[in-house]
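# Structure, please.
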Amino acid sequence: MAVIQIQDVEKVYRGKVHALRGVSLDVMDGEIFGLLGPNGAGKSTLVKILMTVIHASKISGTLLEKPIGHRKSLETVGYLPEHHRFPYYLTGKQVLHHFGALSKVSRSDRNSRATSLLGRLGLAGWEHKKVNTYSKGMLQRLGIAQALMNNPKLLILDEPTDGVDPVGRREIRDLLAELREEGRAIFLNSHLLSELEMVCDRVAIMVKGKVTMQGTIESLTKDSKRYEIRIEGELPEWVNECCDEVNDKMLIIRGDDPQKIQPIIDRLRGDNCMILSVNPVRENLEDLFMRAVDYKDTPGAAQ
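A predicted model of the protein is given here:
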């Protein structure tokens, strides 16, 4: 089941500034879906449209199988906005009670969930301290906790690890994996490519208001797969005919079939060549991102 299914979303601001230009994507139940792109690509604009913070100029699709903006559906969505702010005079537990009440969670459930979530997010012992004493990383954890107060089927998180230290980012990754195992869908907007690569089932890359790539990282990087064989000493003359590319002491054979490189390794050994390494290689998410963006040509639109 698609928990988010949108087609041809457009957003045009005054002055004919095109933030979104026909965006289409699907987010499936029980998956972590990552949205990435350069600043100004329109990522946060899309998230705000899904949450009806702003309205699209044109949109077609559903959220939790209901039209975008359906109130009952939005009640079962957990949302962490980018650059969120909490009333500084409230304690961590009071913040969760406040947002739980806004989501129509009963008082008894608010109390138990707040205590449980503060512990789960590593904030046990801070529940009665005012949020103006929290670090930025702690505020991010609190933000994720408030997004979970209504026990959502779908989580929409805009830069959830912003300002969080490496230990905290790992803990949040582990939490997201746990939430996926519980059957929740997670729509994740982040600029931290390494984080997305480790946790996402599928990703979409936005550039200038358009989705230029969408799919699993495995499928999107399949064409980049290759074997790199590094040798020492003089190269035999035959390697230029058997390899797709020869770069100094590196032999490159495109594809991911290990059988393809066995004859080459055998011939190298037969010629007494010193083989230093044989490595399967593919693009990582950063390589994919740079290729999609074509970074030489990315002046932003509106975010």
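# could you point out the longest helix in this structure?
In the chain, with assignment by DSSP state H, the single longest helix is helix 166-181.
# Run the chain-centre distance for whichever helix or strand comes after that one.
Moving toward the C-terminus from helix 166-181, the first helix or strand encountered (DSSP states H and E) is strand 185-189. Centroid separation for strand 185-189 versus its chain: 7 Å, with Cα atoms, centre = their mean, to the nearest Å.
# same deal with stretch 204-217?
11 Å.
# Then stretch 156-171?
Here stretch 156-171 is found 11 Å from its chain centre; the criterion is Cα atoms, centre = their mean.
# State the number of residues packed around Thr62.
Residues contacting Thr62 under the criterion other Cβ atoms under 10 Å number 16. Using the backbone N, CA and C atoms, a C-beta is placed for each residue, glycine as well.
# Please apply the same query to Lys130.
16.
# From Leu235, how far off is the closest residue to it other than its chain neighbours?
Among residues not flanking Lys130 along the chain, Thr91 sits closest, at 5.6 Å (Cβ to Cβ, 6 or more residues apart in numbering). Relative to Leu235, Thr91 is positioned 68 Å away (criterion: Cβ to Cβ, to the nearest Å).
# In the stretch 151-300 of the chain, what residue spans correspond to strands?
Defined through DSSP state E, counting those that start in this stretch, the strands belonging to the stretch 151-300 of the chain, from first to last, are 154-158, 185-189, 202-207, 210-215, 226-232, 245-247, 250-254, 274-281.
# What ranges does the stretch 1-150 of the chain have for its strands?
2-13, 17-28, 32-36, 58-63, 66-67, 77-80.
# Among the ones you listed, which comes closest to Gly137?
strand 77-80 (13.7 Å; Cβ to Cβ).
# which residues touch the closest one?
51, 63-64, 143-144, 146-150, 152-158, 160 (Cβ atoms under 8 Å, 6 or more residues apart in numbering).
# Let's see that with 6 Å instead.
Around strand 77-80, the neighbours that count as contacts under Cβ atoms under 6 Å, 6 or more residues apart in numbering are Met51, Gly143, Ile144, Ala147, Leu148, Pro152, Leu154, Leu155, Ile156, Leu157, Pro160.
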